[in-house]
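K.L.:
With the sequence up front, the predicted model follows.
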Amino acid sequence: MGVEHSSQLLKGALDLCLLAVISEEPSYGYEMVRKLQLRGMALVSEGSIYPSLSRLQRQGLIEGYKVASSEGPKRKYYRIRPEGGVRLAEWSGSWRELVRGVDAVLKGGAHVN
């Protein structure tokens, strides 16, 4: 799969993946990137997550706050808000349904719930 095509697929799933990572524990940008890369999302970079984080924050699903760091300037952490937990559950269900449907199409079979 080409890098351009992979990055287009990634954009569609990144909001969901960021919400999932943030729901586990508050995290800052580089930390989220590392977690996502360790779970197989090799194309994720710090530059690719900030538009999604801004969008999620504007929607009221996450909130950012600054924390002092012994390694330099304050870090901006993100934590999930109650609305974000609700949206994560909704999007997770929709994502699983979509994946089942795409798998059925790719395998040439009928969609099974």
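P.N.:
Received it, and whenever you're ready, just let me know what you need. Given the structure is predicted, the values throughout are model-derived calculations rather than measurements.

K.L.:
Touching stretch 46-61 from outside, list them.
P.N.:
Contacts of stretch 46-61 from elsewhere in the structure, counted by CB atoms under 8 Å, 6 or more residues apart in numbering, are 7, 10, 14-15, 18-19, 29-30, 32-33, 36, 62-64, 78, 80-81, 83-84, 87. Backbone N, C-alpha and C define where each C-beta goes, glycine included.

K.L.:
I'd say Ala13 and Trp95 touch.
P.N.:
Yes: with contact defined as CB atoms under 8 Å, Ala13 reaches Trp95; the gap is 7.3 Å.

K.L.:
How many neighbouring residues does Ala20 have?
P.N.:
By other CB atoms under 10 Å, 17 other residues sit near Ala20.

K.L.:
Which element, helix or strand, includes it?
P.N.:
When elements are assigned from DSSP states H and E, Ala20 belongs to helix 3-24.

K.L.:
before we move on, the earlier item: now list the buried members of the contacts of stretch 46-61.
P.N.:
Buried members of these, counted by 16 or more other CB atoms under 10 Å: 10, 14-15, 18-19, 29, 32-33, 36, 62, 78, 80-81, 84, 87.

K.L.:
which of the residues you listed lies closest to Glu71?
P.N.:
Gly29 (13.8 Å; CB to CB).
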